[in-house]
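Trainee: here you go, sequence then predicted model.
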Amino acid sequence: MTGSKKWVLGLIALAFLVPLLRPVFPDVVSDYRLFLVSTMIIASIAVLGLNLLTGFNGQFSLGHGAFYAVGAYTAAILMDKLNVPYWATIPAAAIVCFIVGYLFGLPALKLEGHYLALATFALALAVPQILKYKWLEGLTGGVQGIVLLKPEVPFGLPLSEDQWLYYFCLVVMIVLFWGAANMLNSRSGRAMMAIRDQYMAADTMGIDTALYKTVTFGISAAYTGIAGALSASAIAFVAPDSFGIFLSIKFLIGLVVGGIGSLLGSVLGGIFYVLVDNSAQSLTQFIRNDLGLPFDLSAYTVFGVLLIAIIYLMPMGIAGGLYMAYRKLRGARA
Amino acid sequence: MRTSRRGFVAGVSAFAVLGANSAFAQKKYDDGATDSEIKLGHTGPYSGPASSYGQIGKTIEAFFKSVNEAGGVNGRKINFITRDDGYSPPKMVELVRQLVEQDKVLCLFNTLGTPTNTAIHRYMNQKKVPQLYVATGASKWGKPKEFPWTMGFQPDYHTEGVVYAKHVLANVKDAKIGVLMQNDDYGKDYYEGFRDGLGKETGKIVKHVTFEVTDPTVDSQVIQLKDSGANVFFNIATPKAAAQAIRKAADIGWKPAQYLNNVSASVGSVMKPAGLENSQGIITAQYLKDPTDKQWANTDDFKAWVAWMDKWMPGANKADANHVFGYAVSNLMLETLKKCGDTLTRENVMKQAANYQKYKLPLLLPGITINTSPTDYYPIQSVQLARFKGETWDLFGDVMSAEGS
């Protein structure tokens, strides 16, 4: 336990130090790269939200993009209409999304497995349309969305906007992962996992399964909603088109590829989908223009091929694969 | 080396003349331009809900390839970097930041979509990087005072609305106008233009009904329009709803003079589903040569386009108007870069883009030219009306313009 703690602390220290190297390596640690890492952090938080629900509690969701959208819009509307500072929108989005998630969790109690997946899928389909609805248009800006201002660097710190945004996202992420780790290590966390592993046994042991399931749904939605609120600050623009059904699918991809039921897996999953989303197209262009091969693959084709490869080689996700590799290496040494 | 007197005089005077306005004719570069290369950034929806527009990006890519093969622009090759934004605003922000900050492009060119371009509008203007000839018709791209680094290309919806209004006033006696409008910024842009065009006669609009893009039908709206006694019908709708409205009007026996916005002027996806017999006589506005229109077959620019398509995009569907659009807008970009000469700064790119007088761009309808100025960021503000006849659009009348109105 202490060994892994050292690793985590080391990585966090590194994450705090790297942006400060910008004056030394301006091309390597550029604003754009920091922004990209910020989007990875945001994605990790969203994937963690889904992981809490699916990985640790055994409930399926194909619609977490909807909670992400609710979080983003909560933040955007607060900033746009009420001039609430960006940092204060994070708890607000968490509360709103917790309530929405909890309420959605109530009827979802009656739904198991793939039925729940389908119900959440419907939610993800409906939310972008609801955001355009005419009664809400005054608030949401309709199809055109809301243009926001990027967070400014406070206290006259000698940082660029992207450096500051990076630190802000990083701190939020650390707090959330720390919270999740503690929760999972507590009695409640074990109850959550007991429900996942043996629903009936958990029930017989006196765990209030209904309560746990709805609250987990709420917490999961809150996590993803916070990610959405962060993305609204980072991108400085929200529109219904940003929250299509593919967003939910991406969270699921991140979850499965990173590792279901693993905190590290959530981080890896977030990094994976941003990275692949970003480089898949460069890769196809490289194949087409530089290697001269006649493959005009779309980015999603590369996405698909990579996914199949990873699932085949590392069925437990990247986190599981790393763990297996680590065990093998240790076994070889011993 | 001996210098003749005449050479000396000529040299000195040339030096004086050039020095006066271009700093000794030195080469000046911003990011994205060198002696051998000009980098242009682009994103388009190659995947996602609007991927049919992806053809535009492919046409532009092929176009600059052909330009490079012919020697490039003033000796420089064009490095056209295009990425897939999937019509998603956050994706767009990410990609555009990559293009501007990592790839260091000279300018963005013809990025597509209203929500996507909105997402980067402020960023581009903060960074002072040109967001040139965007592929969307919203009127907000032509506001040089607030956004001096953003310029549109096609006629904006506002302009088109003005033109319809002028035609109604000139041709329909005792006009009583009914308007069907999609309830979003695009619809409002058209409607405001239409009202501006009517001027003092806005009272002639007897009924104005709206619908949501997600509404399954517009039947009840069309019935309301008929009941208002309107004899003119202005149809501001995207293809599906536009076709439904045309069909419904015919079904209930309402026969007004019909005006249809250019976004839905597709024969294949609107007029045919609405019923060709129901669509006869509908009026719309056009600015590019329609590739299915036989009358252009023998014009020089159209022949050049067909030859270019055969060579550079073999196998592509020539009936797809996106290729015409991509080819036309690329020609404008090429001309702008040529005009920049050796001063390839972002400021000069905008300055040249805002300095066109009656420039004849290939594939624009005869009589329509490119006109811009530091206060006019709308390159095309003229359209010609067309009436649906048989199975095609039939151009008629003069080119109409909203400029000076």
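Mentor: Great, that's in hand. Numbers count the residues shown, from 1 in each chain, chains lettered A, B, ... in the order given.

Trainee: what sits up against stretch B:90-98?
Mentor: For stretch B:90-98, the external contacting residues (CB atoms under 8 Å, 6 or more residues apart in numbering or on different chains) are A:32, A:35-36, A:39, A:231, A:235-237, A:242, A:277-278, B:41, B:43, B:83, B:85, B:108, B:111, B:113, B:116-117, B:119-120, B:123-124. For glycine as for every other residue, the C-beta is placed from the backbone atoms N, C-alpha and C.

Trainee: where along chain A do the strands fall?
Mentor: Per DSSP state E, chain A carries strands over the ranges A:146-147, A:237-238.

Trainee: could you report the neighbour count for B:Pro314?
Mentor: If you count neighbours by other CB atoms under 10 Å in any protein chain shown, B:Pro314 ends up with 7.

Trainee: I'd like the distance between it and B:Asn322.
Mentor: Plainly put, B:Pro314 is 17 Å away from B:Asn322 if you go by CB to CB, to the nearest Å.

Trainee: swap in B:Gly193?
Mentor: According to CB to CB, B:Gly193 and B:Asn322 sit 24 Å apart.

Trainee: who's more crowded, those two?
Mentor: Neighbour comparison, B:Gly193 and B:Asn322: the larger count goes to B:Gly193, with 23 against 19 (by other CB under 10 Å).

Trainee: contacting residues for that one?
Mentor: Residues near B:Gly193 by CB under 8 Å, 6+ apart: B:139, B:156-162, B:165, B:402.

Trainee: turn those residues into JSON lines, including pLDDT and secondary structure.
Mentor: Output for those, formatted as JSON lines (pLDDT from 0 to 100; DSSP: H, G, I helix; E, B strand; the rest coil):
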{"residue": "B:Ser139", "pLDDT": "85", "secondary structure": "helix"}
{"residue": "B:Asp156", "pLDDT": "88", "secondary structure": "coil"}
{"residue": "B:Tyr157", "pLDDT": "90", "secondary structure": "helix"}
{"residue": "B:His158", "pLDDT": "89", "secondary structure": "helix"}
{"residue": "B:Thr159", "pLDDT": "86", "secondary structure": "helix"}
{"residue": "B:Glu160", "pLDDT": "91", "secondary structure": "helix"}
{"residue": "B:Gly161", "pLDDT": "93", "secondary structure": "helix"}
{"residue": "B:Val162", "pLDDT": "92", "secondary structure": "helix"}
{"residue": "B:Ala165", "pLDDT": "94", "secondary structure": "helix"}
{"residue": "B:Ala402", "pLDDT": "67", "secondary structure": "coil"}
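
Trainee: would you mind listing which of the residues you listed are buried?
Mentor: Taking 16 or more other CB atoms under 10 Å in any protein chain shown as the criterion, what is buried in the contacts of B:Gly193 is B:139, B:156-162, B:165, B:402.

Trainee: show me where the chain has helices.
Mentor: Just going to use chain A. Counting by DSSP state H, one finds helices in chain A at the ranges A:2-17, A:31-57, A:64-82, A:86-108, A:113-131, A:137-140, A:161-185, A:187-197, A:199-204, A:209-235, A:245-258, A:263-285, A:299-313, A:317-333.

Trainee: the intended chain is chain B.
Mentor: Secondary structure of chain B (DSSP H): helices at B:5-22, B:54-69, B:89-97, B:114-127, B:157-171, B:185-198, B:219-227, B:239-251, B:272-274, B:276-279, B:300-312, B:321-340, B:346-353.

Trainee: can you pull the residues of the stretch 201-334 of chain A lying near chain B?
Mentor: Residues of the stretch 201-334 of chain A lying close to chain B by CB under 8 Å from any CB of the partner chain are A:231, A:235-239, A:241-242, A:244, A:246, A:277-278, A:281, A:298-300.

Trainee: my guess is B:Lys28 contacts B:Asp342. True?
Mentor: Yes - using CB atoms under 8 Å, B:Lys28 is in contact with B:Asp342, at 7.1 Å.

Trainee: for residue 161, give me its contacts.
Mentor: In the absence of a named chain, this looks at chain A. Residues near A:Glu161 by CB under 8 Å, 6+ apart: A:31, A:150-153.

Trainee: oops, wrong one, chain B.
Mentor: With CB under 8 Å, 6+ apart, B:Gly161 has these contacts: B:189-197.

Trainee: could you rerun that using 10 Å?
Mentor: The contact partners of B:Gly161, by CB atoms under 10 Å, 6 or more residues apart in numbering or on different chains, come to B:139, B:179, B:189-198, B:234, B:236, B:259, B:261, B:285, B:402.
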